[in-house]
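Sequence isn't available, so here's the structure alone:
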């Protein structure tokens, strides 16, 4: 059975899903979900094969598995859907306000870049604008090589607005002083400092 083409295909699927989940160099809980489909099918096949010779035990095994699955659904669904989704009222107001301000004061052709570990996604979502770089979250900007790529992205897709989190701003601005010289401080909003690209 382990030599069957379909099973080898499942193993390859699991392998490449695992590689994909680790490609960024960071592994987070939600990325584990990427390998779960292939892993679940493989485990199901193996469990079925190990119990196939035990007819009497197989029925009770299936019933136990069914009870387990239903129990997991009962335990997890209310929390995930009702608490997280049912009571989710949007992102915090500062990010929402800033994102909507950017939307009103820019065009769809304008790029923006947000220097923040946590607020980039929220502000980007509300602004409906594109980040200057695929490295829109500084969690992924750790090596000098990635920093060089980010700087090239910023130069090639120069953002109209730089939004710098005050909690992280100075650490980020220091290596990019030359680039930052093309921007003027505009205003502060909550924990964000907004910079505007100087007219050319």
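Received, thanks. Keep in mind that this is a model prediction, so the values were computed, not measured.

quick one: pLDDT of the closest residue to residue 191 other than its chain neighbours?
The shortest distance from residue 191 to any non-neighbouring residue, by CB to CB, 6 or more residues apart in numbering, is to residue 166 (5.0 Å). For glycine as for every other residue, the C-beta is placed from the backbone atoms N, C-alpha and C. Here the pLDDT value assigned to residue 166 is 76.

As a check, name the ranges of all strands in the protein.
For the chain, the strands defined by DSSP state E cover 111-115, 130-131, 159-165, 183-189, 192-197.

Rounded mean pLDDT for the last one, please.
Strand 192-197 comes out with an average pLDDT of 91.

So which elements touch it?
helix 93-104, strand 159-165, strand 183-189 (3 or more CB pairs under 8 Å, 6 or more residues apart in numbering; DSSP states H and E).

Go through the ones you listed and pick out the most buried.
Among the helices and strands packed on strand 192-197, the stretch with the highest mean neighbour count (mean count of other CB atoms under 10 Å) is strand 159-165, at a mean of 23.

Show residues contacting it.
By CB atoms under 8 Å, 6 or more residues apart in numbering, the surrounding residues in contact with strand 159-165 are 98, 102, 106, 110-119, 123, 131-132, 172-173, 180, 183, 186, 191-197.

Can you tell me which of those residues are buried?
Buried by 16 or more other CB atoms under 10 Å: 98, 102, 106, 110-116, 119, 123, 131-132, 172-173, 180, 183, 191-195, out of the contacts of strand 159-165.

which residues in the protein form helices?
5-22, 29-32, 36-51, 55-77, 93-104, 120-127, 144-156, 169-173, 177-180 (DSSP state H).

and residue 141, how many neighbours?
15 (other CB atoms under 10 Å).

can you pull the contacts of it?
135, 147, 150.

Can you select the buried ones among these for me in ChimeraX?
Command for ChimeraX that selects the buried part of the contacts of residue 141, burial taken from 16+ other CB under 10 Å:
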select :135,150
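
low pLDDT regions in the chain?
Residue ranges of the chain with pLDDT under 70: 1-3, 23-31, 49-62, 64, 67-68, 70-92, 117-120, 168-175, 200.

Show me how it divides into domains.
Following automatic domain parsing, the chain resolves into domains at 5-86, 93-197.

hmm, back to that, which one, of the helices and strands packed on strand 192-197, ends up nearest to residue 6?
helix 93-104 (46.3 Å; CB to CB).

With residue 32 as the reference, measure out to residue 9.
Remark: distance between residue 9 and residue 32 (CB to CB, to the nearest Å) = 21 Å.

same check, this time on residue 161
Counting by CB to CB, the gap from residue 161 to residue 32 is 35 Å.

Check residue 5 too.
For residue 5, the distance to residue 32 - CB to CB - is 27 Å.
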